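S.K.: Next comes the sequence, and after it the predicted model I'd like to discuss.
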There are 10 protein chains.
Amino acid sequence: MPKTTSDAHILVNMTYVSRATSDVDAKELGEILQEAQDNNAANGITGMLIFHNNYFLQTIEGPRAQINRLLYALMADKRHHDVQLLEARELKYREWPKWLMSYTSPSEAAAAIHIKYSTTVEFNPYLLSAESARGLMIELSSQSGEATV
Amino acid sequence: MPKTTSDAHILVNMTYVSRATSDVDAKELGEILQEAQDNNAANGITGMLIFHNNYFLQTIEGPRAQINRLLYALMADKRHHDVQLLEARELKYREWPKWLMSYTSPSEAAAAIHIKYSTTVEFNPYLLSAESARGLMIELSSQSGEATV
Amino acid sequence: MPKTTSDAHILVNMTYVSRATSDVDAKELGEILQEAQDNNAANGITGMLIFHNNYFLQTIEGPRAQINRLLYALMADKRHHDVQLLEARELKYREWPKWLMSYTSPSEAAAAIHIKYSTTVEFNPYLLSAESARGLMIELSSQSGEATV
Amino acid sequence: MPKTTSDAHILVNMTYVSRATSDVDAKELGEILQEAQDNNAANGITGMLIFHNNYFLQTIEGPRAQINRLLYALMADKRHHDVQLLEARELKYREWPKWLMSYTSPSEAAAAIHIKYSTTVEFNPYLLSAESARGLMIELSSQSGEATV
Amino acid sequence: MPKTTSDAHILVNMTYVSRATSDVDAKELGEILQEAQDNNAANGITGMLIFHNNYFLQTIEGPRAQINRLLYALMADKRHHDVQLLEARELKYREWPKWLMSYTSPSEAAAAIHIKYSTTVEFNPYLLSAESARGLMIELSSQSGEATV
Amino acid sequence: MPKTTSDAHILVNMTYVSRATSDVDAKELGEILQEAQDNNAANGITGMLIFHNNYFLQTIEGPRAQINRLLYALMADKRHHDVQLLEARELKYREWPKWLMSYTSPSEAAAAIHIKYSTTVEFNPYLLSAESARGLMIELSSQSGEATV
Amino acid sequence: MPKTTSDAHILVNMTYVSRATSDVDAKELGEILQEAQDNNAANGITGMLIFHNNYFLQTIEGPRAQINRLLYALMADKRHHDVQLLEARELKYREWPKWLMSYTSPSEAAAAIHIKYSTTVEFNPYLLSAESARGLMIELSSQSGEATV
Amino acid sequence: MPKTTSDAHILVNMTYVSRATSDVDAKELGEILQEAQDNNAANGITGMLIFHNNYFLQTIEGPRAQINRLLYALMADKRHHDVQLLEARELKYREWPKWLMSYTSPSEAAAAIHIKYSTTVEFNPYLLSAESARGLMIELSSQSGEATV
Amino acid sequence: MPKTTSDAHILVNMTYVSRATSDVDAKELGEILQEAQDNNAANGITGMLIFHNNYFLQTIEGPRAQINRLLYALMADKRHHDVQLLEARELKYREWPKWLMSYTSPSEAAAAIHIKYSTTVEFNPYLLSAESARGLMIELSSQSGEATV
Amino acid sequence: MPKTTSDAHILVNMTYVSRATSDVDAKELGEILQEAQDNNAANGITGMLIFHNNYFLQTIEGPRAQINRLLYALMADKRHHDVQLLEARELKYREWPKWLMSYTSPSEAAAAIHIKYSTTVEFNPYLLSAESARGLMIELSSQSGEATV
């Protein structure tokens, strides 16, 4: 029997929101993202991130044990706070097999997508249900492609 | 935990019909619409309106508390009367994320859409079921685009 | 509350077959159709008619009370006899919002549609189930467009 | 091949409402019912009848040709008028294989069943949809058994 | 054709929450309920009411026009305020054909039902979704029967 | 009531396999097919035939009584033997409204379709389930069109 | 690999109607049944039989090859004629794992079951659809148990 | 992170048939079963076994890696031969959480269950589909309880 | 508009596993549970707990913000470690409206439930999928009632 | 009745993973494949193979008896070891009617497909569920076509 990474059969995702502790500019965000991608690539973690108005809305996908280790790290990370998990569930396959990062631009198209899934005009992901958060991320990514910092 | 607008998690729509108290011409209708859009934009309310034969048929969408405040205002507004709610229900996402206003033109295509969802030849939204009203609005908007006053 | 035509909320269809009392030629059929359309337009009635081999196969749609008045008239009309209702049911929306009249031409395409929904080679709508009659009308109308007398 | 009654393969029902031309007392109703049952038994027709407030609400079931012959007779019968068909559809099997006749008693249980399927407190079957009429008949028959005149 | 109450074909319900303007004791509540039932019985309106902690949670059912007239009256009634509609939808049949009034008792069973459908321990119907409100009312009524004032 | 062909309301199909009694060459097959089509055209029978390796796989569609008469004839026909019925069922509409006859060519595409629905490399329709036989016929006919002898 | 009866993987049923060539009395029917059961027991064939008014309505179940051999025999059997197959289909499991034979008694209960699935009052299985025939057999067997000659 | 048995997340079953190499009497069967249960208990394997006419029909359930190790052992075991796998699939939960062993008794009830899922009268599990094998095992176990050697 | 607890509209659950840092005896477990229940009762949190072999398997239910605050506390609590979230999802209603605590007894019935949802004989909740964990908790609670420490 | 290959009615697939016993280069792999295809073509076996990092992931399809003979051979073949069956199930039709062999290239597109169905970055088919293995094979084959050695 081949040696396997234990706990590696179960693929899960987690979707959470949080707020940057202080105002984050493009350079800092770029560093955060680079660091995250380096760590995640080694652990089989992919996902999708929206950063807007100092809010993070993120989905991470990977083996259950690794995703839980990342959850520990996220909750201890001082650069953001008020982590609130919207959903965690098992997957048949990854919905975000490529790592995407999206600044929502102030364009009218992006605004129409925001309002479609939100009760409020101003972006506030703490008000989203898990289903609305997912709809928003999918529609934004299909509209804006893979924007980079 | 971030401060949130209370009651802002639940997204609802309401569809109602009413009749203009007196004959409304294009200029008056334009003023009514402008006023409505200014108020609604601030409260996260979007929707769809058909005005024809002095009847209003309208769907409004937004946070439940705001939509109910607007319902109070609609029922007190002297410019129309006989407000009759056809339906109010919770939404996963807005069906009318852009605000549309449609004069149904006297074209043959619009007439065929009217008769498809109506029992009577003459437009009378008080005779529509909620489902027929919704079918009518969707088909009219996909056919006529976003007509303006 | 606006005055409404009583009974006008419920939209129904009826599908029936009948036979012309005597041989009907194109001129007579044209007169029958013209008369029907004049009456029906005023009462919010639309539908679909196939006339072939002196048989009528017809679907009429409209407000329930009007459709029933028309049923009384059809059963008393001496120009055809043996009216046999195949189906009457409530509708969410009209399936024939435009009034269509179709002579089934002797083309090969029409013959293949006839045989698809019939047990017999010769057209005889008394042998059709309601579902077969509906399939036949839909496929014929999508193939032949809106033929006129 | 055995000789078969032509047109006898298709089983249908019809549900209609009508009003007695003049006030009908129990004796007259009994005669009407006896006459109907004698005729129907010979033609393979079964069904369910509610008579209340001088309104008839009735479902008849049988071979399509026979049911249509009965429809001709019903529309010509002077003892009631304003026949309005609610529904006619094909059946896999009869829903009323025994002939039932039900006076709705003034009991409280029957009143609760009436109001469950009606918009109005007073019994008026012209206001019922086909589905409500069917629900009303089924629930009344299961509650009151097979009442006779 | 019989004379019918116009608009009486469409059966709807509405579910709303509100708060008593001042503290309501049992005697005042009894008077409010008696008055409501007298008016509603004449208009074909039935429903279900929960009154607890000075909150009202109520579902009303009846013909669409009558239910809308009642909505006008409710919004103008000074004895309660902050009317918030949770849902309005068309019905195949009434879910509350008998008029029920329920004081939720301080028993442990009722508390377990409250918490099952609520996020908060204390009863606050403004926090309920339409579906949770309906689940709460159904389970409470099946557990407590038809309590009267 | 119009005179109808008795038993003509029910449309059925039958799918069977058989083997030619002796080797059949193209000329003989052409004569068999010509004879079959002449008889069937008069009786409202259509269908699909595959002849390969001296096996017949055939679906016939038409009025139930006629199809059964043809079954008697097929079982008595000395030119093939071992008739084995795979399926007989009622139809809403004919799946083979045009009469098709298909020689499966030795092309690679046809071989891939054969193997897709078969357990064995060599064509043997006695090994097919009814569903596999139907899949094979549909895919072959959509690929090869209407080949003639 | 164990030796298997070839063709024995596929379980099918067939339902057919036929008429006795001459009047059959109880003794003759008993002999027919005894002979059938002796043959069928050896071939893994079970089923259900109704004999009434000189009509046979029968479902047989077993391996496809055996059922087809029995079909050949049935069509050649001079004791009945006009064999008409209503349906043949593959089974996941037998619906009649015990062999049943039912005389429909002249009781009122059996009559109500007959009329439920039939258009005509008199028993004539040639007028039944496959689905009605099956409903009739199931309901009769659950009501009358396993009657023997 | 706790140490886990690798590969232990995925629960599967396998159903196979085989034949005893020589006639097996009750004592030998008892020894085979005892040995199997001792090994399986340690590896988290449960299941169901039918032994009849020297055929084995067995379902085993457990962690995927263990079940595959058992498959290697089964194929090498000289006491039976012609192992034929009918099905292997992933499970949400075990269907046989208790280890059952069933001799099918020669009672009439067991015979009716056998014939229900089989084409042949004589028990031969090589002729069963996976679905029939499962139906047979479930029905036999619910009828006969947990028989032991 | 009444004052509402912000974020209190959304009801969620979380299911996680963890391991006690050191061996926990009944007295310590009792203290942990008492402390948890006191805190949770004030925050509208209910749930279900299994403690066995020094493993915790727990589902908690309540308002999303409160559940997330509890998640922060759980991850910082030194009395257990290796917290691994199996699932977090939104609820229509609580599945555990009463707080349950269950020691799985060493009875045979409990063992059969464990093995039904587990790959391994020894209890190890890190090996469970979210669905298996939920099945196990539901079946254990329905079997053992509300055991207390 | 025609002679049939016994056991040839049931079409199944099997999906398994294994590891090459020693490093396999392109030449050796080519020989293995050629040998396999020669044997399989004669036995009606088709399928799909992925070979990567010395792991095999393969689906084979064909008659149940032949597939089981191949399973015996696979388990005895010394060129690979640790055969682990992921799934075996009955088919309506083959999903791989052409024999495909795919080297997964180190391209970025193939990597994204791998990660979509895997928990780990490195390819290890022992960690796949049956459903993920199937998704991976389908998506890889539709992307890369039929690569040959």
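M.R.: Sure thing, it's come through.
S.K.: Surely A:Ala65 forms part of a helix?
M.R.: Yes. Membership of A:Ala65 in a helix is supported by DSSP: H, G, I helix; E, B strand; the rest coil.
S.K.: Just give me the neighbour total for it.
M.R.: Counted with other C-beta atoms under 10 Å in any protein chain shown, the neighbours of A:Ala65 add up to 22. For every residue, glycine as well, the C-beta is placed using N, CA and C.
S.K.: Does it touch A:Leu11 like I think?
M.R.: No. Applying C-beta atoms under 8 Å, one finds A:Ala65 not in contact with A:Leu11, separated by 11.2 Å.
S.K.: Is stretch A:111-129 positioned near chain E?
M.R.: No. Using C-beta under 8 Å from any C-beta of the partner chain, stretch A:111-129 never reaches chain E; the gap is at least 10.6 Å.
S.K.: got the contact list for that stretch?
M.R.: Contact with stretch A:111-129 is made by A:17, A:50, A:52-53, A:55-57, A:82, A:84, A:86, A:104, A:132-133, A:135-136, A:139-140, A:143, B:1-2, B:4-5, B:8-11, B:41-42, B:44, B:46, B:62-63, B:93-94, B:97-98, I:7, I:10, I:90, as judged by C-beta atoms under 8 Å, 6 or more residues apart in numbering or on different chains.
S.K.: Tell me who's in contact with the residue lying closest to A:Leu74 once chain neighbours are set aside.
M.R.: The shortest distance from A:Leu74 to any non-neighbouring residue, by C-beta to C-beta, 6 or more residues apart in numbering or on different chains, is to A:Val83 (5.8 Å). Counting by C-beta under 8 Å, 6+ apart, A:Val83 touches A:16-18, A:74-75, I:68, I:72.
S.K.: Which residue ranges of chain A form strands?
M.R.: A:11-20, A:46-52, A:55-63, A:80-90, A:100-103 (DSSP state E).
S.K.: CSV please, covering those and showing mean pLDDT and distance to C:Lys116.
M.R.: Below are the strands of chain A laid out as CSV (pLDDT from 0 to 100; distance: least, C-beta to C-beta, whole Å):
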stretch, mean pLDDT, distance to C:Lys116
strand A:11-20, 96, 48
strand A:46-52, 91, 49
strand A:55-63, 94, 49
strand A:80-90, 97, 47
strand A:100-103, 65, 50
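S.K.: Save those as TSV, and put in distance to J:Gly30 too.
M.R.: Listed next are the strands of chain A as TSV, based on distance: least, C-beta to C-beta, whole Å:
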stretch	distance to J:Gly30
strand A:11-20	34
strand A:46-52	35
strand A:55-63	35
strand A:80-90	39
strand A:100-103	40
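S.K.: And stretch A:40-48, how far out from the chain middle?
M.R.: Stretch A:40-48 sits 11 Å away from the centroid of its parent chain (C-alpha atoms, centre = their mean, to the nearest Å).
S.K.: Mind checking if it is in reach of chain I?
M.R.: No. Counting by C-beta under 8 Å from any C-beta, chain I is not contacted by stretch A:40-48; separation bottoms out at 14.8 Å.
S.K.: on contacts alone, who are the packing partners of whichever helix in chain A runs longest?
M.R.: Identified as the longest helix of chain A according to DSSP state H is helix A:26-43. Contacts defined by 3 or more C-beta pairs under 8 Å, 6 or more residues apart in numbering or on different chains; DSSP states H and E place helix A:26-43 against strand A:46-52, strand A:55-63, helix A:64-76.
S.K.: Can you list the buried residues in that helix?
M.R.: A:29, A:32-33, A:36, A:40, A:43 (16 or more other C-beta atoms under 10 Å in any protein chain shown).
S.K.: got those as CSV, with pLDDT columns?
M.R.: Listed next are the buried residues of helix A:26-43 as CSV, based on pLDDT from 0 to 100:
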residue, pLDDT
A:Leu29, 85
A:Ile32, 84
A:Leu33, 84
A:Ala36, 83
A:Asn40, 87
A:Asn43, 89
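S.K.: from these, which is closest to chain D?
M.R.: Nearest to chain D among the buried residues of helix A:26-43: A:Asn40, at 55.3 Å, using C-beta to the nearest C-beta.
S.K.: The closest one reaches A:Trp99, doesn't it?
M.R.: Yes. With contact taken as C-beta under 8 Å, A:Asn40 and A:Trp99 are classed as touching, separated by 7.1 Å.
S.K.: Pull the most distant pair out of the buried residues of helix A:26-43.
M.R.: For these, with distances taken as C-beta to C-beta, the pair at the greatest spread is A:Leu29 and A:Asn43 (21.3 Å).
S.K.: And the residue of chain A closest to chain G?
M.R.: Relative to chain G, the nearest point of chain A is A:Lys92 (27.7 Å; C-beta to the nearest C-beta).
S.K.: give me the number of residues near the residue lying closest to that residue once chain neighbours are set aside?
M.R.: Counting by C-beta to C-beta, 6+ apart, J:Glu131 is the residue found nearest to A:Lys92 once chain neighbours are left out, at 5.9 Å. Residues near J:Glu131, counting by other C-beta under 10 Å, number 14.
S.K.: Relative to chain D, how far out is J:Glu131?
M.R.: Separation of J:Glu131 from chain D (C-beta to the nearest C-beta, to the nearest Å): 38 Å.
S.K.: Contacts only, for the residue positioned nearest the centre of chain A.
M.R.: Nearest residue to the geometric centre of chain A (C-alpha atoms, centre = their mean): A:Gln58, 1.6 Å. A:Gln58 sits next to A:15-18, A:47-50 when contact means C-beta under 8 Å, 6+ apart.
S.K.: between the residues you listed, which has the most around it?
M.R.: The contacts of A:Gln58, ranked by neighbours (other C-beta under 10 Å): first place A:Gly47, 26 neighbours.
S.K.: shouldn't that one be in contact with A:Glu61?
M.R.: Yes. The pair A:Gly47 and A:Glu61 qualifies as a contact (C-beta under 8 Å) at a distance of 5.6 Å.
S.K.: joint contacts of these two?
M.R.: A:13, A:96.
S.K.: Please name the bridge partners of the residue nearest to the centre of chain A.
M.R.: A:Tyr16, A:Leu49 (DSSP bridges).
S.K.: And the residue of chain A closest to chain I?
M.R.: For chain A, C-beta to the nearest C-beta, closest residue to chain I: A:Ala88, 4.1 Å.
S.K.: what pairs with the residue nearest to that residue when sequence neighbours are not counted across the strands?
M.R.: Spatial nearest neighbour of A:Ala88, excluding adjacent residues (C-beta to C-beta, 6+ apart): I:Ala88 at 4.1 Å. Counting by DSSP bridges, I:Ala88 is bridged to A:Ala88, I:Met14.
S.K.: what's near enough to touch I:Ala88?
M.R.: Here I:Ala88 is in contact with A:14, A:85-89, I:12-15, I:67 (C-beta under 8 Å, 6+ apart).
S.K.: If we use 7 Å, what do you get?
M.R.: A:85, A:87-88, I:12-14 (C-beta atoms under 7 Å, 6 or more residues apart in numbering or on different chains).
S.K.: what's the closest of those residues to chain J?
M.R.: A:Ala88 (15.2 Å).
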